[in-house]
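Peer 1: Coordinates for the following, if possible.
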Amino acid sequence: MVIKASQFIPSAYHGAWRSMRAWEYDEYAFEGGRGSAKTTVAANRAVDVLMRGTDGNFVCYKKHKTEIEASVYSEIYKVIERRNWCDLFRFKISPFEITRRDTTQKIFFQGLDDPGKSKGITARRGYIQGVWFEEADQFSSMKEIDTVLQTLGRGGEHFHVIYTYNPPESNAHWINVEMSQPNPHRLKLHTTYRDVPESWLGPFFFHRMEAIRAQSETRYQHEYEGIPTGTGHEIFTNIRLVHYTAKEIAEMRRKRWGMDFGQGHPTTLVGTNYIPKLVDGKDIGGRLQIFDAWGKSNARNREVYEELERRQLLDTLITADPGGGGKGVIGELRDMGARRIIQAYKPGGSVERGVNWMRDLEAIEIHDELEWCIRQFKLYLWLTMKDGTNRNELPDINDDFIDAARYSRQDEIFAHYGSRLAIDV
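Peer 2: Numbers count the residues shown, from 1 in each chain. Reported below is the predicted structural model:
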């Protein structure tokens, strides 16, 4: 069965599409800004592999398993639905798989929380012909991806890899360095929203883009033009130091509190306020205001309780880290009288999701008297490899105030997170 793909593939990708169908290159790197149809093209190719023969299978990767349903699985489902082909496939969500009914060819979906688990992927019919790494910049390094490719790239005549990603801000990020290297076996294509019909994107996309551009030309260039705009290792480049008066803090209307329990590192308490930036009723990333913070190394539960009591927070909702003994601590503090401490929501990838939410904000405003908190945010740097290239790994040290701030805003961070698709399995 032959797919007539021109109506689904923007013209900027037609050359690459023909090349993929001819198996001309081993790797295809589709980079660019938001709205550039990178994922649409990759998802179309995954289905295309299954429909143009009877031996091809495909694997789609996200860094974290918890992100599969709302991203790669959803994208491929939409490709199939738009062609009215749902009756030709069987959809499964535990584990995530899409199977062509008449041939039993499969599209597999994997998280790379543990690269070693990829060794278990086996096609019952034919062999793996393609692999897609969505948001490839979110993987920790090329070495991590190679762990997968060394196993999957075997056993058949045809095989290629598709990388889709928005170039990270830092030129030192590993994927910017890797994809800038000459490679005769790789086709690299940079696209932007200008390469896509406006009707595909809708008016809100452009309203949001113009609002962000008016707010920050640098942010616009990075997010929509896909241009690396930084050269350093700082994770947060949107920090502003401000001074809040007691009156300004009292007038904040969206205050929340978060807590990170420490075992061998500080216990921290952070108060935040959030002012959304709305475009057509949707938040595009506003200002996070950190107005208060407390931390103490080796703090005993009684000391934590006394601090909550001193700040008159015993009846205030506090979202706290349930790990590292946190469940027991939460129970004991409740018994003491801190009645509204709840456990934070921490699915796989929650750290990256929360940090990325904060990085995308217009500003992280920190009260200028909170020296320990300011120092952590400013010294929160990407982990690097021996050559100084940034790995896509967040440090798991000196982040106690950052964690507490994340927990305080979990409602915004996880808005619409993890909803199930209405799919007949």
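
Peer 1: For stretch 347-355, buried residues please.
Peer 2: Using 16 or more other C-beta atoms under 10 Å as the test for burial, stretch 347-355 gives 349-355. For glycine as for every other residue, the C-beta is placed from the backbone atoms N, C-alpha and C.

Peer 1: Pretty sure residue 365 sits in a strand.
Peer 2: Yes. Assigned with DSSP: H, G, I helix; E, B strand; the rest coil, residue 365 falls within a strand.

Peer 1: Touching, it and residue 243? I think so.
Peer 2: No. At 10.1 Å, residue 365 does not count as touching residue 243 under the criterion of C-beta atoms under 8 Å.

Peer 1: quick one: contacts for the nearest residue to residue 82 once chain neighbours are set aside?
Peer 2: Excluding its sequence neighbours, the residue lying closest to residue 82 (C-beta to C-beta, 6 or more residues apart in numbering) is residue 8, at 6.9 Å. Residue 8 makes contacts with 40, 44, 79, 82, as judged by C-beta atoms under 8 Å, 6 or more residues apart in numbering.

Peer 1: I'd assumed residue 253 was in contact with residue 276.
Peer 2: No. The criterion here is C-beta under 8 Å, and residue 276 misses it with residue 253 at 11.6 Å.

Peer 1: between the two, which one's more packed in?
Peer 2: Each of residue 276 and residue 253 has its neighbours counted (other C-beta atoms under 10 Å); residue 276 has more, 15 against 7.

Peer 1: give the contact list for the more buried one.
Peer 2: So residue 276 contacts 283, 286, 412 (C-beta under 8 Å, 6+ apart).

Peer 1: Lowest pLDDT pick from these?
Peer 2: Lowest pLDDT among the contacts of residue 276: residue 283, with 91.

Peer 1: Backbone dihedrals for the residue nearest the centre of the chain, please?
Peer 2: The centroid of the chain falls nearest to residue 353 when counting by C-alpha atoms, centre = their mean (5.3 Å). Main-chain torsions, residue 353, degrees, to the nearest 10: phi -60, psi -40.

Peer 1: how near is it to residue 143?
Peer 2: 24 Å (C-beta to C-beta, to the nearest Å).

Peer 1: what packs against the lowest-mean-pLDDT helix or strand in the chain?
Peer 2: Ranked by mean pLDDT, DSSP states H and E, the weakest helix or strand in the chain is helix 326-336, scoring a mean of 86. Using 3 or more C-beta pairs under 8 Å, 6 or more residues apart in numbering; DSSP states H and E as the contact test, the elements touching helix 326-336 are helix 301-310, strand 318-320, strand 341-343.

Peer 1: Swap in 6 Å and give it another go.
Peer 2: The contact analysis (3 or more C-beta pairs under 6 Å, 6 or more residues apart in numbering; DSSP states H and E) places helix 326-336 against helix 301-310.

Peer 1: helices or strands up against the helix it packs on?
Peer 2: The contact analysis (3+ C-beta pairs under 6 Å, 6+ apart) places helix 301-310 against helix 326-336.

Peer 1: Can you check what angle separates the helix it packs on from helix 301-310?
Peer 2: Going by axes from the mean of the first three to the mean of the last three C-alpha atoms, to 10 degrees, helix 326-336 is angled at 60 degrees with respect to helix 301-310.

Peer 1: mind listing the strands for the stretch 201-350 of the chain?
Peer 2: 239-242, 255-260, 267-275, 278-279, 282-283, 287-296, 318-320, 341-343 (DSSP state E, counting those that start in this stretch).

Peer 1: Go through the ones you listed and name the closest to residue 372.
Peer 2: strand 287-296 (5.7 Å; C-beta to C-beta).
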